[in-house]
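> Give me a model of this one.
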Amino acid sequence: MKTRNQKLNRSESAYALITVLVMAGVGIAIYASVARWTASNVVINDRNNVYNSAVAAAEGASETVLSYLARDFFNQSYSPGNMTYYRALLPTNDWAARYAFSDNAGGSNQTWVSSTPNTVMTNLNSQFTALYGLVYDCTVVSQARPLNTPYSMAAVVRQDLQLASIPVFQYAIFYAMDLEVNPGAPMKVTGKVHCNANLYTAPPSTLEYGDDVTAVGKIYNNRAPGDPTGGSKTTPIYDREHADYASSLTLPIGTNNSPDAVRAILQVPPFGENPLSQVGQERYCNQTDLIVTTTATNIIVKSGNWNSFTVIAPDVAGTTNTPPQYSFIKTNASFYDQRENKNTVTTDIDVAALNTWLTNGGNALNNQAKFQMGHQINSVYINDQRVQAGKLTTVRVTRGQQLPPDGLTVATVLPLYVQGHFNAPNTTVGYTNTSATKPASLLGDSITVLSVNWVDTNSSKALGSRPALDTTVNAAFLAGIVPTTTANGGHYSGGVENFPRFLEDWSSRSFTYNGSMVVMFPSQYSTNYWVQTGTYYNAPGRKWAFDVNFLDYRKLPPATPMVRKLVRGQWNVVAAH
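Here you go, the predicted structure:
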């Protein structure tokens with residue numbers, strides 16, 4: 001069989017060559033396109049990296065300003081009229097040399113900073129929604145332009161913020177230390193809860209949190225280390241948000257805001273301390289309208305810092321054996337505190353007599369206070385300097401069912417007792433009725449509630465000789481506690497449920513309370529451990545609620561302490577000008 005070689009003619013050869021060349025051209029074009037796309041992507045990625053770095057640099061510049069704003073605000077040295085100082089603040093880190101900074105409005109080497117000239121009571125932003133504070137509204141704008149790059153671009157960051165003083169009595173429960181909530185009977189907390197440490201909550205019965213719960217540490221659904229009470233536990237019900245690792249809220253008393261240091265707000269200022277110093281401005285002794293000092297031989301009443309601490313004459317004439325007296329102050333009472341196992345040396349503040357004094361002997365001073373401060377006398381600080389071996393020096397508030405027209409705050413660094421109805425003009429309607437109450441707060445080393453049936457002469461007798469009767473108190477409480485400890489076999493603090501102390505048999509009786517419970521420090525004078533019911537007291541039925549009046553700043557208790565916070569608002573990357 002013969003084969004024949006077939007040869008392509010010229011036209012077929014040309015067509016093949018053209019096809020090869022076309023395919024090669026297409027390949028070259030695709031390669032060039034891919035190369036251009038790759039190069040373009042490299043440029044875009046490079047530009048994006050440069051821009052994102054510029055955004056970070058602009059944010060760094062704004063954060064530099066924010067850190068100084070916060071420092072000065074916390075130290076009570078912030079001046080909204082001194083924005084030039086803040087505008088000149090720029091980052092000094094080594095990376096900052098790679099950028100040119102401006103205020104995005106034509107000013108180089110500066111940041112734009114603005115502030116309202118005065119504080120305004122307004123709602124807060126961010127995580128503090130539903131709270132209000134005394135606020136400076138501020139804006140910080142920073143532009144960063146990268147140097148030594150082929151790209152001419154700038155990034156601009158704008159931050160809106162509030163420098164806020166937040167009244168602490170907006171919280172149903174506020175602790176500057178570990179918070180424990182473990183009631184034996186069903187309980188509902190009706191307001192916000194915050195602690196600057198850990199929250200331990202593992203009650204044996206139903207516990208419901210009706211509002212937000214936050215802790216700077218962690219929220220544990222178990223008992224605190226060292227709590228020996230143990231027993232059964234249930235998981236609390238959280239109706240709203242509950243969050244760990246929240247922002248800390250502290251009083252602006254200086255660089256040391258530990259619970260032990262915060263006790264200074266209730267202490268008498270040391271000699272020579274400036275009332276306008278950081279801690280001086282926070283001391284109740286400098287904020288209250290009247291200051292009562294009790295010594296072993298005398299009682300002295302002065303007006304507050306508002307009136308240059310002027311001595312006020314007594315309104316009750318003296319006798320042969322007694323010096324002149326004040327009608328609303330008594331210093332001869334004593335009773336036995338079975339938790340502390342001590343008799344007391346007591347200064348009594350008779351609120352009913354104080355009301356009478358304000359309209360009679362103290363009327364001129366009351367009118368002067370109204371003219372100078374915009375309110376009548378509504379706060380008293382008590383400094384009982386008497387020391388008797390083996391006895392507990394204390395302050396007691398009595399006959400306080402009706403308060404002065406502008407409310408009443410009573411403060412002392414000593415253990416404080418409130419006897420009978422307080423700020424409860426109508427005790428028959430029920431614990432939700434606070435429409436007729438006045439703004440009020442009670443502050444001391446500890447707070448003990450004595451019922452309307454309390455009798456001093458029965459105080460050392462057996463528990464059955466101290467039966468309580470239903471009692472109502474409508475006031476914010478700020479005091480210390482004896483914390484849970486592992487010492488001596490372990491002791492439970494008593495928790496929030498025993499933050500107000502009791503010394504009577506409250507079996508089948510109710511303690512009705514509307515207010516805010518704030519714990520700022522460990523107790524210094526009332527230091528005996530809490531002991532379970534059946535010893536020095538039997539627990540009452542707790543008809544407790546947060547006083548929603550405190551959500552209106554016009555109804556806050558006199559001299560309410562305010563924690564300070566830089567509250568962040570909107571953060572935006574804005575157009576460069």
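> Now the helix or strand where Val567 lies - C-alpha only, PDB.
Element membership of Val567, judged by DSSP states H and E, is strand 562-574. Extracted C-alpha coordinates of strand 562-574, given in PDB (Å, rounded to 0.1, in the frame of the first residue of the first chain):
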ATOM      1  CA  MET A 562     -21.900  63.000  91.500                       C
ATOM      2  CA  VAL A 563     -19.500  60.500  89.800                       C
ATOM      3  CA  ARG A 564     -17.600  61.900  86.800                       C
ATOM      4  CA  LYS A 565     -17.300  60.200  83.400                       C
ATOM      5  CA  LEU A 566     -16.100  61.000  79.900                       C
ATOM      6  CA  VAL A 567     -19.100  59.700  77.900                       C
ATOM      7  CA  ARG A 568     -18.300  58.900  74.300                       C
ATOM      8  CA  GLY A 569     -20.900  59.800  71.700                       C
ATOM      9  CA  GLN A 570     -20.600  59.600  67.900                       C
ATOM     10  CA  TRP A 571     -17.300  58.700  66.300                       C
ATOM     11  CA  ASN A 572     -17.000  59.500  62.500                       C
ATOM     12  CA  VAL A 573     -14.500  59.600  59.700                       C
ATOM     13  CA  VAL A 574     -15.400  62.900  58.000                       C
END
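> and it, which residues are buried?
Buried residues in strand 562-574, counted by 16 or more other Cβ atoms under 10 Å: Met562, Val563, Arg564, Lys565, Leu566, Val567. C-beta coordinates here come from the backbone N, C-alpha and C atoms, glycine included.
> Could you work out the most separated pair of the residues you listed?
The distance between the two most remote of these (Cβ to Cβ) is 13.9 Å, for Met562 and Leu566.
> so which of the buried residues of strand 562-574 comes closest to Gln162?
Val567 (4.3 Å).
> Just give the nearest non-adjacent residue to that closest one, would you?
Gln162 (4.3 Å; Cβ to Cβ, 6 or more residues apart in numbering).
> List the strands paired with the helix or strand harbouring that neighbour, with their directions.
According to DSSP H and E, Gln162 maps onto strand 155-167. Using DSSP bridges, the strands paired with strand 155-167 are strand 132-146 (antiparallel), strand 562-574 (antiparallel).
> Could you give me the buried positions within the longest one?
Of the residues in strand 132-146, 132-146 count as buried by neighbour count, 16+ other Cβ under 10 Å.
> could you give the mean pLDDT of that strand?
Mean pLDDT, strand 132-146: 95.
> Kindly report the same for stretch 508-527.
Averaged across stretch 508-527, the pLDDT comes to 96.
> Could you pull out the buried residues of that stretch?
509-526.
> Kindly report the same for stretch 191-208.
Buried residues in stretch 191-208 (16+ other Cβ under 10 Å): 191-203, 207.
> Ok, stretch 417-430 next?
In stretch 417-430, counting by 16+ other Cβ under 10 Å, buried: Tyr417, Val418, Gln419, Gly420, His421, Phe422, Asn423, Ala424, Thr427.
> And the fifth one, how far from Ser508?
Plainly put, His421 is 19 Å away from Ser508 if you go by Cβ to Cβ, to the nearest Å.
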